[in-house]
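Undergrad: Take this sequence and fold it.
(chains A and B)
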Amino acid sequence: DGGITQSPKYLFRKEGQNVTLSCEQNLNHDAMYWYRQDPGQGLRLIYYSQIVNDFQKGDIAEGYSVSREKKESFPLTVTSAQKNPTAFYLCASSIMEGYTFGSGTRLTVV
Amino acid sequence: GNSVTQMEGPVTLSEEAFLTINCTYTATGYPSLFWYVQYPGEGLQLLLKATKADDKGSNKGFEATYRKETTSFHLEKGSVQVSDSAVYFCALILPGAGSYQLTFGKGTKLSVIP
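TA: Residues are numbered from 1 along each chain as shown, chains lettered A, B, ... in the order given. Below is the predicted model:
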């Protein structure tokens, strides 16, 4: 079955370390997105990519980086420059208005 | 810019109660409107959508009507169940330059008690 997979589901990292969250889709969608979710703040767009080897900053890109070397994959790196990285991260892919979301990665920085 | 405002929660209802979650939007054009649902610890699932004025989206007993005159897309259900406990997000897409980005409201947490 087609879908979008995020891994791992839970991730713990020490302050000051970079960490990479995985997002893979087999839906043949061109567009992929990363969102950050905090209680009471809804979903905020971090980065998005509409085609391979191209991506754009969203509303809260500072402290994050992405790559899009393959259509299927859109990994997100949370760098040490991100001041408050503890959050729930959601990946999505879409074709026109049809979105599919992953099940999320909960990152805790200690 | 585009924005979505939805009623703040949390909302707590007894089983079989009537549910309304208000949602209004601001957009420079004619957006498509969506309700997504997020069950605990999971990603978002599309609940229903409407793409033009006066359209009614419906699914699993939930309904919402696209009201252009009031720029609203309120979510309703006649009789909620414990299994409806989740966070509900209102969202819009205003296509432009080949982009179909979702703009979300902040979400409304619904808890249904037996």
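
Undergrad: pLDDT score for the residue lying closest to B:A50 once chain neighbours are set aside?
TA: Counting by CB to CB, 6 or more residues apart in numbering or on different chains, the nearest residue to B:A50 once its immediate chain neighbours are dropped is B:Y66, at 4.0 Å. C-beta: built from backbone N, CA, C; applies to glycine. According to the prediction, B:Y66 has pLDDT 98.

Undergrad: Can you report how many residues lie near B:Y66?
TA: Other residues lying near B:Y66 total 21 when counted by other CB atoms under 10 Å in any protein chain shown.

Undergrad: What of A:R13?
TA: A:R13 has 16 nearby residues by other CB under 10 Å.

Undergrad: Who does the nearest residue to it once chain neighbours are set aside form a beta bridge with?
TA: Nearest-residue entry for A:R13: A:V19, 4.6 Å, with adjacent residues in sequence omitted and distances by CB to CB, 6+ apart. Applying DSSP bridges to A:V19 gives these bridge partners: A:V78.

Undergrad: for A:V19, what are its contacts?
TA: Listed by CB atoms under 8 Å, 6 or more residues apart in numbering or on different chains, the contact partners of A:V19 are A:11, A:13, A:77-78, A:85, A:107.

Undergrad: how about residue 105, what does it touch?
TA: With no chain named, the answer covers chain A. A:T105 touches A:6-11, A:21, A:88-89, counting by CB under 8 Å, 6+ apart.

Undergrad: other chain: chain B
TA: Going by CB under 8 Å, 6+ apart, B:G105 touches A:42, B:4-6, B:23, B:89-91.

Undergrad: Ends of stretch A:71-84, what's the gap?
TA: The first and final residues of stretch A:71-84 sit 29 Å from each other (CA to CA, to the nearest Å).

Undergrad: Now it: average pLDDT?
TA: The model assigns stretch A:71-84 a mean pLDDT of 94.

Undergrad: how far away is B:V87 from B:K106?
TA: B:V87 sits 10 Å away from B:K106, going by CB to CB, to the nearest Å.

Undergrad: go on, A:V78?
TA: Applying CB to CB to A:V78 and B:K106 gives a distance of 22 Å.

Undergrad: which stretches of chain A aren't confidently modelled?
TA: Applying pLDDT under 70 to chain A flags residues A:1.

Undergrad: OK, contacts around the residue most central in space within it?
TA: Chain A has A:W34 as the residue nearest its centroid, 3.3 Å off, counting by CA atoms, centre = their mean. Contacts for A:W34 (CB under 8 Å, 6+ apart) come out as A:23, A:45-48, A:58, A:64, A:66, A:74, A:76, A:89-91.

Undergrad: can you check B:Y25 too?
TA: Counting by CB under 8 Å, 6+ apart, B:Y25 has contacts B:2-5, B:31, B:33, B:71-73, B:90, B:92.

Undergrad: ok, now B:K56?
TA: B:50, B:63-66.

Undergrad: Let's have the contacts of A:T105 in CSV, adding distance to chain B and neighbour count.
TA: Converted to CSV, these look like this (distance: CB to the nearest CB, whole Å; neighbours: other CB atoms under 10 Å in any protein chain shown):
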residue, distance to chain B, neighbour count
A:Q6, 8, 22
A:S7, 13, 12
A:P8, 13, 11
A:K9, 8, 11
A:Y10, 10, 10
A:L11, 14, 16
A:L21, 13, 23
A:F88, 9, 17
A:Y89, 10, 22
